[in-house]
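Chemist: Only the shape, not the letters, is given here:
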């Protein structure tokens, strides 16, 4: 339980993603008068992308959980509205949980219509062709690859489907509990090549308990992985790269860009110009790899100090 606030304040939280939801809920529960501004028509922010990834469907429950807390605590939620600095200046405290903007690499030809961002790919706002090149191999790059390959699979939701997918036998007489029958996967819907500039191992930022599963799934579906890549240009012939000093062309129908994010905090200087110092949390404070746990913790810790 959080200690009740000594003085009730009017608190504005801008952004209804993981950080904003956490901050608004705790602040309201501490008796502050909270208004949460969300520029879209729904709460969730990056949660709404994460819940589309196979194995991460439970993020939808996180959104419902915070929505219920906000309702019980009496917080006001304003949808479809991105407030300006002057509107926020009347609040006692302003929390910017405005998240991130995908980074766009400086590659000649990057404005090609066949190049899409990861958010559009996951949200279904972009058509994805059969041959796909994914730029970036961090957590988001892996999520995009898994989404494209396994979005129609029930293996993360249904026990029997999981057993068939991973060759687990329910026959107690089966040696080691393994199903040794033919488990050749169906041809994948997309032929994927993942590329990255660094020479670090693929998936080294993934969790220890799940990273090996993701790597195995991509290998099972024939995903190619190229590291130490230098991007040259994008044109009608494909994605031109240099790999270990040798020029090559990677064919594609679609390129999905997953090369990181930038903090979205344009409101901060405008508020500071009005003599107000906003609090930055979540992706607005530090983009990096999207980390819901860190964002929610920052939101709660800040609200506990207000």
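Modeler: Thanks, I have it. It should be emphasised that the depicted structure is a prediction, and the values quoted were computed from it without experimental measurement. Residues are numbered from 1 along each chain as shown.
Chemist: Report the separation between residue 52 and residue 148.
Modeler: Residue 52 is 11 Å from residue 148, where distance means Cβ to Cβ, to the nearest Å. (Each C-beta comes from the backbone N, C-alpha and C, glycine too.)
Chemist: Comparing the two, which residue is more hemmed in?
Modeler: Using other Cβ atoms under 10 Å as the criterion, residue 52 and residue 148 rank with residue 148 on top: 21 against 17.
Chemist: Which other helices and strands does the helix or strand where that one lies contact?
Modeler: Using DSSP states H and E, residue 148 sits in helix 139-150. When contacts are defined as 3 or more Cβ pairs under 8 Å, 6 or more residues apart in numbering; DSSP states H and E, helix 139-150 sits against helix 118-123, strand 131-135, strand 191-195, helix 211-220.
Chemist: Would you format these as JSON lines with mean pLDDT, mean neighbour count and distance to residue 105 included?
Modeler: Formatted as JSON lines, those follow (pLDDT from 0 to 100; neighbours: other Cβ atoms under 10 Å; distance: least, Cβ to Cβ, whole Å):
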{"stretch": "helix 118-123", "mean pLDDT": "93", "mean neighbour count": "20", "distance to residue 105": "13"}
{"stretch": "strand 131-135", "mean pLDDT": "97", "mean neighbour count": "23", "distance to residue 105": "7"}
{"stretch": "strand 191-195", "mean pLDDT": "95", "mean neighbour count": "22", "distance to residue 105": "11"}
{"stretch": "helix 211-220", "mean pLDDT": "75", "mean neighbour count": "16", "distance to residue 105": "22"}
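Chemist: Serialize the ones you listed to JSON lines and add fields for distance to residue 266.
Modeler: Output for the helices and strands packed on helix 139-150, formatted as JSON lines (distance: least, Cβ to Cβ, whole Å):
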{"stretch": "helix 118-123", "distance to residue 266": "18"}
{"stretch": "strand 131-135", "distance to residue 266": "25"}
{"stretch": "strand 191-195", "distance to residue 266": "31"}
{"stretch": "helix 211-220", "distance to residue 266": "34"}
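Chemist: do you know which of these lies nearest residue 303?
Modeler: Checking the helices and strands packed on helix 139-150 against residue 303 by Cβ to Cβ gives helix 118-123 as the closest, at 27.0 Å.
Chemist: contacting residues around the closest one?
Modeler: Outside helix 118-123, the residues within contact range by Cβ atoms under 8 Å, 6 or more residues apart in numbering are 48-49, 52-53, 102, 125-126, 128, 140-141, 143-144, 147-148, 254, 256-258.
Chemist: One more pass at 6 Å, please.
Modeler: 49, 52, 126, 140, 144, 147, 256, 258 (Cβ atoms under 6 Å, 6 or more residues apart in numbering).
Chemist: Give me the residue ranges of the chain where confidence is low.
Modeler: Flagging of the chain using pLDDT under 70 yields the residue ranges 151-186, 203, 206-207, 209-212, 289-290.
Chemist: From the structure, what's the count of residues near residue 230?
Modeler: 12.
Chemist: Number the residues from 506 up from this point.
Modeler: With the count now opening at 506, the last piece we talked about shows up as residue 735.
Chemist: Leaving out chain neighbours, which residue sits closest to it?
Modeler: Spatial nearest neighbour of residue 735, excluding adjacent residues (Cβ to Cβ, 6 or more residues apart in numbering): residue 747 at 4.1 Å.
Chemist: Check residue 784 too.
Modeler: Counting by Cβ to Cβ, 6+ apart, the residue nearest residue 784 is residue 600, at 4.7 Å.
Chemist: Confirm for me that that neighbour is in contact with residue 785.
Modeler: No - checked against Cβ atoms under 6 Å, the pair residue 600 and residue 785 is beyond contact range at 8.2 Å.
Chemist: Those two - which one has more neighbours?
Modeler: residue 600 (29 against 20).
Chemist: which SS class is the more buried one?
Modeler: At residue 600 the chain is in strand, as set by DSSP: H, G, I helix; E, B strand; the rest coil.
Chemist: what about it, distance to residue 697?
Modeler: Distance of residue 600 to residue 697, given as Cβ to Cβ: 39 Å.
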